[in-house]
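[1] fold the following for me, if possible:
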Amino acid sequence: MSLVKSPRMTEKKLAANRRNRKLAHGPATAKGRERIRAAHLRHGFYAQAEEVALRALGEDPAQFQELLGRLWEKWNPTDALQEKLVARLARAVWRLDRSDRMQEGYALRQAKDVSIGREDRLHAQMMRLKMTSASLQSLAQSVAREHYVTTPADLELMQNLHQEGVVKEMGEIALALFYQLQEPGAPGEQDEGGGRSDPEANVRKVVARIQEIFGVRTSGPEPEADVAPASPGPFPDRQDGAGSRPQGSQQDAGATEAEEEGPTSGISSAEWEAREPVRQLLEHILSRQVEICEAQRKGTLRESLTGPSPYERAAEIAPTHRNATLMRRMEDSNFRQVARVTSLLMKMKRQERQIEALENSAVLHDVPETKGVSPHFSRKN
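    Numbering: from 1, shown residues only. Next up, the predicted model:
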């Protein structure tokens, strides 16, 4: 039992409370609302220093005052603590909007920086694709020849394309196939020190994978007795001299034998047959890379004419700034502050309503019984 005697509510006090409650519900006219909206300027908390700071940040102080006035009308603070909380809530909401402007402003600046020189970059990209396509087309035409043997110029061109990375993973495979189509005993398979270089070792690994996947072989033991005899020509050799070749020098016979073995000395017909699948595979790879480069060039041309899509714009303004995480944390912090202040104000207002309900209940219990009033409310404790 409390030792402090609660004050007894009389009808006179109840009537006075009701009159005061009507006066505390905030302004009812536009002029009164304007007076309340400017009431917080009296204590100097939002003085000219605050206005100067807002203007320096590119913000309108009048908009902040309007926000504060609306929050003041909504929460209708009744004491100094609630007034401070409403002012704090206005600042938290304003900073929350400011964090949005910060992130959107940085995204806009980043998009403008990317847009500057977009045409030049796309044009340069199309030129590189065009040059790559022409180089690959030249290599494909060379490889398309029957009995192709890798030339130093073709090998150097393929090495340059592979080093530039324009043909991606297929460049390593194509380079390995060019090595395999070299003339037997050609230099360049070993470095100057006699040891195999690292790129060469990678090429050998790629060749092993190609042979395993496609089942192609590029070299093998030279056939000794299994070499197929040359097909009889219009002048077959006969001991009796009938149908023999015309009289000529021994060089003509040597040239004919070279033609039977192939256009390159040292490569037999069986070896040419073994090299043919590799040549066809290399020709297919180069032709396919030419088609890919042309498709990419046409796609780049369409992009330069139509402009970037919304997805490309979104990728360009991705949060790559070093302070992007900090800006998001500031936004979350301001949002949590708004939630906490709003929750505190709601609790205070709920407590006010509970106190008011208790006062009304006490008054109703203390009112003497009159005619027309229920006996339950007129009974005293």
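[2] helices or strands next to the helix or strand that contains Asp120 in the packing?
    Here Asp120, judged by DSSP states H and E, is contained in helix 118-143. Helix 118-143 makes packing contacts with helix 152-164, helix 269-306 when contacts are defined by 3 or more CB pairs under 8 Å, 6 or more residues apart in numbering; DSSP states H and E. Every C-beta, even on glycine, is put in place using the N, C-alpha and C of the backbone.
[3] CA-only coordinates of the helix or strand that the last one is followed by in CSV, if you can.
    The helix or strand immediately downstream of helix 269-306 is helix 310-316, counting by DSSP H and E. Once side chains and other backbone atoms are set aside, the C-alpha atoms of helix 310-316 remain, and they are given as CSV (Å, rounded to 0.1, in the frame of the first residue of the first chain):
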residue,chain,number,x,y,z
PRO,A,310,19.7,-0.9,-68.6
TYR,A,311,21.7,-4.0,-67.5
GLU,A,312,24.9,-2.6,-68.9
ARG,A,313,24.2,0.7,-67.2
ALA,A,314,23.6,-1.1,-63.9
ALA,A,315,26.9,-2.9,-64.3
GLU,A,316,28.7,0.4,-65.0
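[4] show me what helix 310-316 is packed up against.
    Against helix 310-316 (3+ CB pairs under 8 Å, 6+ apart) you get helix 80-115.
[5] and Val290, how far from Arg109?
    Distance, Val290 to Arg109, by CB to CB, to the nearest Å: 40 Å.
[6] for the nearest residue to Glu303 once chain neighbours are set aside, what are its contacts?
    Nearest residue to Glu303 in three dimensions, chain neighbours excluded: Leu122, at 6.4 Å (CB to CB, 6 or more residues apart in numbering). The contact partners of Leu122, taken as CB atoms under 8 Å, 6 or more residues apart in numbering, are 300, 303-304.
[7] mind checking how far Leu122 is from Ser343?
    In this view, Leu122 and Ser343 are 53 Å apart by CB to CB.
[8] could you do Lys130 as well?
    Per CB to CB, Lys130 is found 64 Å from Ser343.
[9] what does Glu156 give?
    Note on Glu156: its distance to Ser343, by CB to CB, is 74 Å.
[10] before we move on, what about Thr306?
    Taking CB to CB, one finds Thr306 at 50 Å from Ser343.
[11] please apply the same query to Gln180.
    75 Å.
[12] so these two - more neighbours on which side?
    Using other CB atoms under 10 Å, the more surrounded residue of Gln180 and Ser343 is Gln180, with 22 against 10.
[13] close enough to count as contact, the more buried one and Arg279?
    No. Gln180 is not in contact with Arg279 according to CB atoms under 8 Å; the separation is 9.4 Å.
[14] coming back round to it: now the contacts of Leu122: which count as buried?
    For the contacts of Leu122, a neighbour count by 16 or more other CB atoms under 10 Å gives the buried set as 300, 303-304.
[15] now the longest helix seen in the chain against helix 80-115, angle please.
    Looking across the chain with DSSP state H, the single longest helix is helix 324-366. For helix 324-366 against helix 80-115, the angle by axes from the mean of the first three to the mean of the last three CA atoms, to 10 degrees is 150 degrees.
[16] packing partners of helix 324-366?
    helix 11-23, helix 80-115.
[17] as a markdown table, the ones you listed with distance to Pro310 would be great.
    As requested, these are exported to a markdown table (distance: least, CB to CB, whole Å):
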| stretch | distance to Pro310 |
| --- | --- |
| helix 11-23 | 56 |
| helix 80-115 | 12 |
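[18] let me know which of these is tucked in deepest.
    Greatest average neighbour count among the helices and strands packed on helix 324-366 goes to helix 80-115 (a mean of 16), per mean count of other CB atoms under 10 Å.
[19] what packs against it?
    Packing contacts for helix 80-115, counted by 3+ CB pairs under 8 Å, 6+ apart, involve helix 61-75, helix 310-316, helix 324-366.
[20] now mean pLDDT and distance to Trp272 too, for those, in CSV please.
    Formatted as CSV, these follow (pLDDT from 0 to 100; distance: least, CB to CB, whole Å):
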stretch, mean pLDDT, distance to Trp272
helix 61-75, 91, 84
helix 310-316, 81, 50
helix 324-366, 86, 62
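[21] could you dump these into JSON lines with distance to Arg88 added?
    Shown next, in JSON lines, are the helices and strands packed on helix 80-115 (distance: least, CB to CB, whole Å):
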{"stretch": "helix 61-75", "distance to Arg88": "10"}
{"stretch": "helix 310-316", "distance to Arg88": "36"}
{"stretch": "helix 324-366", "distance to Arg88": "6"}
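[22] pick the most deeply packed of those helices.
    Among those, helix 61-75 has the highest mean neighbour count (mean count of other CB under 10 Å), at a mean of 16.
[23] just list what it packs against, helices and strands only.
    Helix 61-75 sits against helix 30-37, helix 48-56, helix 80-115, with contacts defined as 3+ CB pairs under 8 Å, 6+ apart.
[24] number of nearby residues for Trp76?
    You called it Trp, but residue 76 is Asn. The burial count assigned to Asn76 is 14, neighbours taken as other CB under 10 Å.
[25] again with Cys293
    Around Cys293 there are 22 residues (other CB under 10 Å).
[26] against Ile285, how distant is the nearest residue to it once chain neighbours are set aside?
    Excluding the flanking residues, the one nearest Cys293 by CB to CB, 6+ apart is Ser133, at 4.0 Å. Per CB to CB, Ser133 is found 14 Å from Ile285.
[27] residues contacting the nearest residue to Gln103 once chain neighbours are set aside?
    With CB to CB, 6+ apart as the criterion, Gln103 has its nearest non-adjacent residue at 5.4 Å, and that residue is Met327. Residues in contact with Met327, defined by CB under 8 Å, 6+ apart, are 99, 102-103, 106, 321.
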